[in-house]
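Student: Compute the structure for the input listed below.
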Amino acid sequence: MTAPVPRVRKAFDIEGETVVLVREGVCIAFYVPLSHEVIAPAVWRALEHYRHSLGSRRLGWYVNASGDWPELDAKGEAVLRTELLDSSALVELAERPDSVTGVSFRYNGRSSELPNFLKDHPQSTCAVEFWLPIEFLEDPGPEWVRSLALELGRELPWASGHAGLALEVGAWVPALSPSLLEACMRHPGFDLPWLRTLAMCLGTRVRPPSWLTFLGPPVLEALGGAEGLRARLHSPATQVQSLSPERAVVSLGPVPEAGDLETGDTLPHYRELARVLEPWLYAHPGEWGESGGFSREEVRRWERRFL
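Tutor: Modelled structure (predicted):
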């Protein structure tokens, strides 16, 4: 029986209002090493599909050019469409502007119209995140989440991606760093995405394994395609599904798992995939997060938690 997802939540009462800065959830992310101009329509279609799938939950607020959070009303919808389909997009939407709820969308696009940026940041990539509340693993359930991840991925020409347990951080204040590091190291199945950093530096490298790990060119080709990858993985919990001649998804069990090193739950099937992917794993060169976050040494230890 799969262990329940640990509760890693940091909430504060501010004048009678509960504000959540850290929340466990499910993150679906894709990394596309093409220009924003090429993929903008596909990102828009994926966003519309995601919003439709949320049912009664909705993205009600967005970040404008001044860093404020206006309501996503009819005027906001027009601004959103213009920004996302414009030459270079930085888009963030959330269910609430002041508290993480598990429903949010983030996109960092890179534009070919900014040649100096591309020259200075040759490993930059377009990066997109779709967040789901942890409760969605109960209802509508993990198979629904998996299907949604695959459907969103079909819209995008990604080089890599992942879907699984993650910690959504609304505001990374220095006081949070010790508890975040402790949670991520004790429960290695929790990811801690940082979209802006990854969009600048990831290139065609891949992140550590997640419940669903999406692999495309050039890494999948180097592994011998889906068949070559499948031959290297022997855990009975692992499945490799070919999505096209160039792309595949690795599923590590029927549900995402956090693991718990204190009880001996080391997620061996995640570790097996990490060893296969090690030559292509992304290694961040500095700190991680805002306000200091994880130090260089802590980042290295966290990124190699499956190795």
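Student: for the longest helix seen in the chain, which positions count as buried?
Tutor: Scanning the chain for the helix with the most residues, using DSSP state H, yields helix 36-53. Residues 36-37, 39-40, 42-44, 46-47, 50-51, 53 are the ones in helix 36-53 that count as buried (16 or more other C-beta atoms under 10 Å). Bear in mind the C-beta positions are built from the backbone N, C-alpha and C, glycine included.
Student: which one of these sits closest to Pro218?
Tutor: Of all the buried residues of helix 36-53, Pro218 sits closest to Ile39, with 18.0 Å by C-beta to C-beta.
Student: ok, for the closest one, nearest residue in space, not its chain neighbours?
Tutor: Spatial nearest neighbour of Ile39, chain neighbours left out: Val32 (5.4 Å); criterion: C-beta to C-beta, 6 or more residues apart in numbering.
Student: ok, now Arg296?
Tutor: Nearest non-adjacent residue to Arg296, counting by C-beta to C-beta, 6+ apart: Gly286, 5.8 Å away.
Student: And Ser235, by the same measure?
Tutor: Here the nearest residue to Ser235 in space, its sequence neighbours aside, is His269; by C-beta to C-beta, 6+ apart that works out to 3.8 Å.
Student: In a helix, that neighbour, correct?
Tutor: Yes: under DSSP: H, G, I helix; E, B strand; the rest coil, His269 falls within a helix.
Student: my guess is it contacts Leu252, does it?
Tutor: Yes: the pair His269 / Leu252 is scored as a contact, 5.1 Å apart, by C-beta atoms under 8 Å.
Student: ok, the two, which is more surrounded?
Tutor: Legend: neighbour count by other C-beta atoms under 10 Å for His269 and Leu252, higher for Leu252 (24 against 20).
Student: secondary structure element for His171?
Tutor: If you look again at residue 171, you'll see it is Ala, not His. Secondary structure assignment for Ala171, by DSSP states H and E: no helix or strand.
Student: That one contacts Val19, correct?
Tutor: No: the pair Ala171 / Val19 is not scored as a contact, 9.1 Å apart, by C-beta under 8 Å.
Student: re the thing from before, how close does the residue nearest to Ile39 sit to Glu92?
Tutor: 18 Å (C-beta to C-beta, to the nearest Å).
Student: neighbour-wise, which of the two wins?
Tutor: Just comparing Val32 and Glu92: by other C-beta under 10 Å the higher neighbour count belongs to Val32, 23 against 19.
Student: is it true that the more buried one touches Cys126?
Tutor: Yes: taking contacts as C-beta under 8 Å, Val32 lies within contact range of Cys126: 4.4 Å.
Student: any shared contact partners between the two?
Tutor: Ile39 (C-beta atoms under 8 Å, 6 or more residues apart in numbering).
Student: Which residues are in contact with Trp280?
Tutor: By C-beta under 8 Å, 6+ apart, the residues touching Trp280 are 205-206, 219, 222.
Student: In the stretch 151-300 of the chain, where is pLDDT below threshold?
Tutor: Scanning the stretch 151-300 of the chain for pLDDT under 70 picks out nothing.
Student: which stretches of it form strands?
Tutor: 160-169, 212-215, 238-244, 247-252 (DSSP state E, counting those that start in this stretch).
Student: can you put these in TSV and add distance to Phe294?
Tutor: TSV is the format used below for those (distance: least, C-beta to C-beta, whole Å):
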stretch	distance to Phe294
strand 160-169	12
strand 212-215	22
strand 238-244	29
strand 247-252	24
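Student: So for Asp98, which of these sits nearest?
Tutor: Nearest to Asp98 among the strands of the stretch 151-300 of the chain is strand 160-169; the distance by C-beta to C-beta comes to 13.8 Å.
Student: which helices and strands sit right next to that closest one?
Tutor: Packing partners of strand 160-169 (3 or more C-beta pairs under 8 Å, 6 or more residues apart in numbering; DSSP states H and E): strand 17-32, helix 142-154, helix 177-186, strand 212-215.
Student: Out of those, which gets nearest to Phe130?
Tutor: Closest to Phe130 of the helices and strands packed on strand 160-169 is strand 17-32 (C-beta to C-beta; 4.4 Å).
Student: so what does the closest one touch, helix or strand wise?
Tutor: Contacts defined by 3+ C-beta pairs under 8 Å, 6+ apart place strand 17-32 against strand 10-14, strand 126-133, helix 142-154, strand 160-169.
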